[in-house]
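Participant: The following block contains a protein sequence and its predicted model.
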Amino acid sequence: MLFNLIGPLPVKDDLAPLKTLVEKKGVKWPGAGAKAQLEYEDRSIFNEQQGQPTSINLAITSGEGTPQIFIEAKFVEHEFGGCSLFEGGDCDGRNPSMNLDLCYLHHIGRKYWMLMQKYDLHRGAIGTDTMCILASHYQFFRELLFALEKGGIFILLSDERSPVFLCNGPQGERGLMPLLAGLLPSELRHKVVMISIQELVEEIAALSGNDWIHVFIDKYGLVSCSIEVGIGSEFPPPERSTSTMYKISSSDLTFSWDGCKYCFYLKVKHNIVLRGPFPGIFTKMANLTSEFYLGKPTSEISADLPSGVVKLKEKFVKSGPISIPGAKSQCYINGRFDAVIEFDDGSYGIVDYKTSEAKDEHAVFYSRQLSAYAYALEHPAPNALGLSPISRLGLFVLTPDRFERTTDNEMIFVNKATWMALPRDDEAFLALLGEVMAVLDAPTPPKSSEDCEVCNYRKGMQEFLAGNY
């Protein structure tokens, strides 16, 4: 959608509509010769030498090529993306503003929190909250910091029909942008600006020679808007959808779902979750395993596997919307796999590395998680990673067997390696999602499990606060 709206402007070498709009918002235009660059990257900002770098949808550069305006588009999203490590359960979300070692991303050399401190973003409410602000709003601060380090302005381009980022309530403006901008030091707030697709469409339509904009208006459901060349536009209020879209993390389909349905309900439906500290050493062990096997032939994992090579490691997946027959709401799968094998026959396999005992009961239990990855890869959301067909799923289990000394100051755990092929049953997987959606769509929450430690702690605290102790 962004390319269809912005793309024709640089092709025609005419950024005048965008220039007019941002100047109305008080943003200085880079001057004559300004250029637009889609998907602007710079790995040095956050020291992202490996993995997926931060990318800004659109950068406006000066004639000399210096980026000065950074625009991120949010048309259908319901949030600024949170920290993937927190969402994946690899971080407990504690606020690292006063102790950067609490942040695993800082531990591996990423400079997010170093820059948060550089621009005094770790003070005030951000610094005193028990939770890390990046856990929920990582993408906003990442893109803001990116723009600040480049000496530029961060602009959010959104759809006025969505109330998520900005809306007017009885007490004034509400939404994520006013909320997050209000957390910034006062001297930085002018560095954050918001424009809407409706405003930009109006500026484009106001200039002759842009008849293509009417095709855009029709394609994206703006046909009811009274946009004419040279005339302003009016947009009707959005129609409220009665359907809810739930994010189902692949890992939630194992321990969380089997553990306590009430805690699962609170996490998925209300984003209420108690995370215990996850020892960073296990994340490091997983990373070392993934790095070692990347590029290795399948024979290094198991002689039972067809010929192929470990092609990818630690990539995020996101499925398109999933509609379950009989469910009121929809859901989508979100997660991160450990590794993907590309077989010589053109199919793919998903591997999950485990440091534990190799037990037969793990096969059915973890097949849910890997089936979720497989479904997401074969039915990806727009711009998400897609691979097909997925022909095999499996666990590569490392079980510590003995301890040996190699040198005076180096010791190793010798592990027994076991390959466990997992069954893939899409019918059973979708049936499980049907059970999940029935719980989420129910008018009342499910009962908590009697042996759930979190629920028992909560009940105990309620009794204590009521004076019953």
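Facilitator: Received, thanks.

Participant: Provide the secondary structure category for the residue lying closest to residue 122 once chain neighbours are set aside.
Facilitator: Nearest residue to residue 122 in three dimensions, chain neighbours excluded: residue 97, at 3.8 Å (CB to CB, 6 or more residues apart in numbering). No exception for glycine: its C-beta is placed from N, CA and C like everyone else's. What DSSP: H, G, I helix; E, B strand; the rest coil gives for residue 97 is coil.

Participant: Just the helices from the stretch 251-400 of the chain, written as ranges.
Facilitator: With DSSP state H, counting those that start in this stretch, the ranges of helices along the stretch 251-400 of the chain come out as 255-259, 261-270, 280-293, 362-378.

Participant: sorry, back to before: I'd like the distance between the residue nearest to residue 122 and residue 265.
Facilitator: 31 Å (CB to CB, to the nearest Å).

Participant: With residue 253 instead?
Facilitator: Where residue 265 is concerned, residue 253 sits at a distance of 14 Å (CB to CB).

Participant: hey, where'd the strands end up in the stretch 301-450 of the chain?
Facilitator: Taking DSSP state E, counting those that start in this stretch, the strands of the stretch 301-450 of the chain run over residues 308-313, 316-318, 322-323, 330-336, 339-343, 348-355, 390-407, 410-422.

Participant: which residues of the stretch 51-200 of the chain fall in helices?
Facilitator: 84-87, 104-107, 112-118, 124-128, 133-149, 176-181, 197-205.

Participant: so which of those helices comes closest to residue 439?
Facilitator: Go through the helices of the stretch 51-200 of the chain one by one with CB to CB and the one that ends up closest to residue 439 is helix 84-87, at 20.1 Å.

Participant: What is the distance between that closest one and the centre of its chain?
Facilitator: Put simply, helix 84-87 sits 8 Å off its chain's centre (CA atoms, centre = their mean, to the nearest Å).

Participant: Can I get it in PDB, CA atoms only?
Facilitator: Output in PDB follows, covering the C-alpha atoms of helix 84-87 (Å, rounded to 0.1, in the frame of the first residue of the first chain):
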ATOM      1  CA  SER A  84      10.500 -10.200  20.000                       C
ATOM      2  CA  LEU A  85      12.700 -11.700  22.700                       C
ATOM      3  CA  PHE A  86      10.100 -10.700  25.300                       C
ATOM      4  CA  GLU A  87       7.200 -12.000  23.200                       C
END
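
Participant: Including mean neighbour count and mean pLDDT, could the helices of the stretch 51-200 of the chain go into TSV?
Facilitator: As requested, those are exported to TSV (neighbours: other CB atoms under 10 Å; pLDDT from 0 to 100):
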stretch	mean neighbour count	mean pLDDT
helix 84-87	20	81
helix 104-107	18	86
helix 112-118	19	94
helix 124-128	14	87
helix 133-149	22	93
helix 176-181	18	89
helix 197-205	21	84
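
Participant: Out of these, which gets nearest to residue 345?
Facilitator: Counting by CB to CB, residue 345 lies closest to helix 84-87 out of the helices of the stretch 51-200 of the chain; the figure is 31.4 Å.

Participant: returning to what we had before: do you know which of the helices of the stretch 51-200 of the chain lies nearest residue 437?
Facilitator: Minimum separation from residue 437 across the helices of the stretch 51-200 of the chain (CB to CB) falls at helix 84-87, 20.0 Å.

Participant: List the contacts of that closest one.
Facilitator: Here helix 84-87 makes contact (CB atoms under 8 Å, 6 or more residues apart in numbering) with 91-93, 104-105, 132, 134-135, 138, 249, 275, 316, 334, 336.

Participant: ok, 10 Å please
Facilitator: If you take CB atoms under 10 Å, 6 or more residues apart in numbering as the criterion, helix 84-87 is touched by 52, 81, 90-94, 103-105, 108, 131-132, 134-136, 138, 247, 249, 251, 273, 275, 278, 283, 314, 316, 334-336.

Participant: again with stretch 128-137
Facilitator: Contacts of stretch 128-137 (CB under 10 Å, 6+ apart): 79-83, 85-87, 91-98, 102-103, 105, 112-113, 116, 121-122, 125-127, 138, 140-142, 144, 176, 179-180, 183, 271, 275.

Participant: what about residue 466, how many neighbours?
Facilitator: Residue 466 has 8 neighbours, counted by other CB atoms under 10 Å.

Participant: Looking at it now. What's its pLDDT?
Facilitator: According to the prediction, residue 466 has pLDDT 73.

Participant: I'd like the distance between it and residue 382.
Facilitator: Relative to residue 382, residue 466 is positioned 50 Å away (CB to CB).

Participant: Show me the shaky parts of the stretch 251-400 of the chain.
Facilitator: When residues are selected by pLDDT under 70, those of the stretch 251-400 of the chain lie in 274-280.

Participant: what's the strand or helix carrying residue 20 packed up against?
Facilitator: Secondary structure from DSSP states H and E places residue 20 in helix 16-24. Using 3 or more CB pairs under 10 Å, 6 or more residues apart in numbering; DSSP states H and E as the contact test, the elements touching helix 16-24 are helix 2-6, helix 8-11, strand 55-61, strand 67-74, strand 153-158, strand 192-196, helix 197-205.

Participant: Tell me how far it lies from the chain's centre.
Facilitator: Distance, stretch centre to chain centre, for helix 16-24: 30 Å (CA atoms, centre = their mean).

Participant: in the stretch 1-150 of the chain, which ranges drop under the pLDDT threshold?
Facilitator: In the predicted model of the stretch 1-150 of the chain, residues 1-8, 10-12 satisfy pLDDT under 70.

Participant: any idea how far the residue of the chain most remote from its centre lies from residue 385?
Facilitator: Centroid-distance maximum for the chain: residue 408 at 44.0 Å, with CA atoms, centre = their mean. Distance from residue 408 to residue 385, counting by CB to CB: 45 Å.

Participant: Residue 439 now?
Facilitator: For residue 439 relative to residue 385 (CB to CB), the value is 28 Å.

Participant: again with residue 358
Facilitator: Residue 358 sits 29 Å away from residue 385, going by CB to CB.
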